[in-house]
Structures are given as structure tokens and as C-alpha cells.
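# give me a model of this one.
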Amino acid sequence: MGCIAKENVEDQWVGELMDEYSIEKRSDRIFDRNTKEYFDEVVSSYREGSHRSAVVMLWSVVVCDLLFKLKYMVDMYTDSTAQSILDEVADIQKHNEKSPEWEFRLVELVAEKTKLLEVADVDHLHHLQKQRHLAAHPVLTQKLELHRPNGDTVRALIRNTLDGILTKPPIYTRKIFDQFINDLAESAPLLIDDEKLRRYLESKYFAHLDTELEKILIRSLWKLVFRLNNDQCDKNRSINYRALELLVRRNESDLIALVQANKDYYSNVANSGEPVKYLVYFLSKYPSVYTELKEDTKIAVRHAISDDVTARCLGWFVKPSIQQHADDLEVWLAGDEHPDLPEDAMSALSKLSDSQEWESLFRRLLNTYYGSSRSYDQADSRFQHAISPYIETYGTEDLLDLLKKIEKNSQTYERRAARYDHGLIKSQCDDVLGDQFDYAQYQNFSTSFD
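This next block holds a predicted model:
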């Protein structure tokens, strides 16, 4: 019996250690450094068996943590909601400094005006406040003993407080979206590339968001970028789109489910203009979303693809395959429409897919685009934008295709700049085809840089 009793005590001790270790791991996620320091005192009291002290201190930690978070929102985001809460509790304190009334009023205001506290969290805090009152005041039992919360109760209070309050970041006010887009608009001139934007948003916002709040931001940005069409939206559409895409990348696995669950909302986009062009750009990266949209939205998308040069380049998701898309583009580039591709279209086209198949198809399109030039000036421009940036990626088949298309068009090989430009092609040919390659069937190309 003695051995069994000893084993039971040891099992309980191991269980306590495992549970305290779990609490320690969770406490690493506490946002505020001061809160973390105060919380360590709670855990220390709990370990020592000072359960009354642990409960009293835990309530104080909650109150301080809410104040710290509100102050953070004011300092970092000039949050008027957070400031109004701080002003109100300060006014209550001023009129009755000894009353603890302001403490739970603080909890009520945070629950009403922010998203820091859920209904269950408020219920938990009611229970914690009651336990704190019993532990802190001389409410004697019938046996003339002070209230003594047991270890299980204290452990539950600590866990609920950690998960529901202390580990939540201070970014849950209801006005977060307004702050977010205003900050984007003001900071846009500094965030000139996607990596700078990613680092900025990761540090200031994304690190403090949970999945649900990220979905709220995605939903709101979707409306601004793809639906609304006014001067303010036009001005900030690019930076808002880039932020939207960064958010989507963080939730890509949930994207389809998000659209499926709100098909009417995500299908409600502009019928024309810049918003639908941006939507085509988005769908070129997330083509599975296209199949989830309503038919009227698909019609608007297909119209944009047929009507706009950049959208046409990117609209591969309405074709049976990316191979078919490349074939259709090649016919178009070489045909009577003779489109000039803007730089953004060229860049987006290069990133349409990271597959080797697309890289080869893309270089073939570049060759067709340059080889279809109809003037010396146009050939000069197309070489600079379509050939020069990519020539070092060309392999054997790409180079032979390019040489063949140059050979058939005097606008490419007779122009003055060909002396230098085609020298760059020759250099890549030497590296890939070898300096002994026979150019007999490419005489026009050969004489263009001699």
C-alpha cells in the first residue's frame, strides 16, 4: 500500500510539473514585457502553494495588461477608441480613488468597444474578480477560516486568463481596418517594393493578428481593390492590392473556403475599369478562385481579358491550359492587332508560373514579340524590354527560335542599335551553342553586329 501511495503522489507531482511547464510555454506568448514580468509573480505564488496571493495578483495583472494594450494602441496607431476608454476610467478613478469600480468598468468598455475580449472571456473575468474578492478580503467561513482557493481552481484561472486575454495582441479595436488602410496610404511612398511592404506590415500588424482578424482585413481590402471605383480608391489601389496579396499568402490554404462561404460577397466586384483589371491580375495567381465566382462576375472578367492588353496577357485561367494560353498569345502578338505590351504586363507575364514549361513558353513569346516589330524604333524598344532583361536565361531552343525570327524581319537586324543589341545575343549563343556554331542559315543576324 505504501508503494502504491508513493507512486500516486509521484504521478500527481509529475502531472503538476507538466501542467506548470504548459503554463510557462503559453506565457512566452504574452505580448507586453511588463505583463510577462508581473505574470511570473503569479506563477511563482502558485508554485509555492500561495493560492490566495496568486489569484489576487492575477486580477491585477489582467487590469494592467488591458491598460498596457490600450496605451499601445494610442501610441502606435493613435486609436481614438482606446483613448476614450482610458479617459473614462481615469475620470472614474479621479472621482473615487479608493473604489475598485474602475477596474471592472475597464473590462466592460474593452469588451464593448474592442475585440480584445469575447463573451466567454468576460464571463471568465467575472469569475476571476469574484475569486479575487474572496481571496483578498476577510470573508470568513463558518469555520472562521479565510477563503482558500484550491490548486485546480487557480490553475484553471491562470490558463483561462492566458489564453483569453494575456496572449492576445493589442490590435483588436473595431477601427483597426481604418487605421490599417490610412497607414498604408500614408506610408505608400516609402514602401516601394513588396519586400519592404512585407517587413513593415509583418512588424506592425501581421505579427499581432489572428486568423479571424486576417480574414476581416482580406474581406475589407477585397471591396476596396476589386469593387469600389472612386478617386481615393484609385489613388491607393496599388498599395491596397499589394497588402491584400500579402495577407492572402498567409491564408492561401483557407482562401477557397473563404470565397465559397461568402460567394455573393466575393463575386460582387466592379464590371469594368481598374478594379476588374486588378482582379484579373489576382486570379492569374490564384486561378482556383475564378471557378468559385458567380457567372456574372466571370463574364465581367472575361470581358476585361478580351478588352485590355495586360489582362489578356494574364488571363490564362479562362483557357483549357497554360499551353493553350501561350499559343493564343503568340498568334495575337504576331497578328494584325500588333499590340504593344506595357512594362507591367511584361513583368506580370514573366511571373505567371514558376514551372519550367511556362519559362520556356514565356521566352518563345518574347521572341515572337520582338520578331514582330514593325519599325526600327519599335524593335529598339522591344529589345530593351523583352529580350535584354531575359537573354541570359535562354537555352538552345530559345536561341534558335530567336535567331530564326530575327532572320525574317529586317526591322530587327537593319536598325542601328542592332550592332550592340545583337552582340548580346551572340555572347549568349557562344556560351550556350559554342563559338563553333554555324550561323550560315542566319546571315542577316550575323551581319547585324559585325
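
# so where do the helices sit in the stretch 351-450 of the chain?
With DSSP state H, counting those that start in this stretch as the definition, the stretch 351-450 of the chain shows helices at residue ranges 356-371, 376-382, 396-407, 410-413, 418-433, 443-448.

# could you list every helix and strand in contact with the last one?
The one in question is helix 443-448. Here helix 443-448 touches helix 396-407, helix 410-413, helix 418-433, going by 3 or more C-beta pairs under 8 Å, 6 or more residues apart in numbering; DSSP states H and E. Yep, even glycine has a C-beta here, placed from its N, CA and C like the rest.

# what residues of the first one count as buried?
Spelled out, that is helix 396-407. By neighbour count on 16 or more other C-beta atoms under 10 Å, the buried set for helix 396-407 is 398, 399, 400, 401, 402, 403, 405, 406, 407.

# export the helices of the stretch 351-450 of the chain to TSV and tack on mean pLDDT and distance to residue 78?
Below are the helices of the stretch 351-450 of the chain laid out as TSV (pLDDT from 0 to 100; distance: least, C-beta to C-beta, whole Å):
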stretch	mean pLDDT	distance to residue 78
helix 356-371	97	46
helix 376-382	98	47
helix 396-407	98	54
helix 410-413	98	57
helix 418-433	97	53
helix 443-448	95	62
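
# residue 79: how many residues sit nearby?
24 (other C-beta atoms under 10 Å).

# these two touch, right, residue 204 and residue 170?
No - Residue 204 is not in contact with residue 170 according to C-beta atoms under 8 Å; the separation is 11.8 Å.

# these two - which one has more neighbours?
A count of neighbours by other C-beta under 10 Å puts residue 170 above the other of residue 204 and residue 170, at 24 against 15.

# quick check: closest non-adjacent residue to the more buried one.
Excluding the flanking residues, the one nearest residue 170 by C-beta to C-beta, 6 or more residues apart in numbering is residue 69, at 3.5 Å.

# and for residue 395?
Using C-beta to C-beta, 6+ apart, the closest residue to residue 395 is residue 432 (6.2 Å).

# redo the helices and strands packed on helix 443-448 as TSV? Include distance to residue 349.
Below are the helices and strands packed on helix 443-448 laid out as TSV (distance: least, C-beta to C-beta, whole Å):
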stretch	distance to residue 349
helix 396-407	15
helix 410-413	20
helix 418-433	20
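
# quick one, what contacts the residue nearest to residue 395?
Applying C-beta atoms under 8 Å, 6 or more residues apart in numbering, we find residue 432 in contact with 394, 395, 396, 399.

# closest one to residue 424 out of those, please.
In terms of C-beta to C-beta, no member of these lies closer to residue 424 than residue 394, at 10.5 Å.

# please report how far the closest one lies from residue 421.
Distance of residue 394 to residue 421, given as C-beta to C-beta, to the nearest Å: 14 Å.

# try residue 434
21 Å.
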